[in-house]
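A.B. asks: below is the structure, and that's it, no one-letter string:
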């Protein structure tokens, strides 16, 4: 006769029966921490740019039904540059600094041979005919 034993888990360990994967455990842990963070902190107020975009996005999309959000953001960004709400209006924006091109590193063996040889070959002192 085959006997089967069914064991029920205590209530505080019931999650082990259904959630044995790491992803599920991670989701559960993150859900706990998210709820604690949301309760303890007040949301940061939106910036002037956020308010400007929120105000102009709906108007742009209703006036231009075929346009994408990407097109809308390009247009709104151009408007923001000269908007009176913009605290940096009229100032030049900082572009990304161009990086110097990378020079490949030379190995010690290559560096030693390159230092002794010029473009025409190894250096030879004039006057020595030995």
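C.D. replies: Yep, it's here. Being a predicted model, the structure only gives us computed values, none of them experimental.

A.B. asks: tell me the contacts of residue 83?
C.D. replies: 52, 89 (C-beta atoms under 8 Å, 6 or more residues apart in numbering). For the C-beta atoms, the positions are set from N, CA and C on the backbone; glycine is no exception.

A.B. asks: helix, strand, or coil at it?
C.D. replies: Assigned with DSSP: H, G, I helix; E, B strand; the rest coil, residue 83 falls in the coil class.

A.B. asks: cool, residue 57 as well?
C.D. replies: Counting by three-state DSSP, the backbone at residue 57 sits in helix.

A.B. asks: these two touch, right, it and residue 72?
C.D. replies: Yes - between residue 57 and residue 72 there is a contact at 5.9 Å, judged by C-beta atoms under 8 Å.

A.B. asks: which secondary element of the chain has the worst mean pLDDT?
C.D. replies: strand 117-118 (a mean of 54; mean pLDDT, DSSP states H and E).

A.B. asks: more crowded one of residue 57 and residue 72?
C.D. replies: For residue 57 versus residue 72, neighbours defined as other C-beta atoms under 10 Å are more numerous around residue 72 (19 against 15).

A.B. asks: helices of the chain, residue ranges please.
C.D. replies: Shown for the chain, the helices assigned by DSSP state H span residues 15-18, 22-40, 48-63, 69-81, 108-116.

A.B. asks: worst mean pLDDT among those helices?
C.D. replies: When those are compared by mean pLDDT, helix 15-18 comes last with a mean of 56.

A.B. asks: state the distance from residue 69 to residue 57.
C.D. replies: For residue 69, the distance to residue 57 (C-beta to C-beta, to the nearest Å) stands at 8 Å.

A.B. asks: right, I'll call it a day here.
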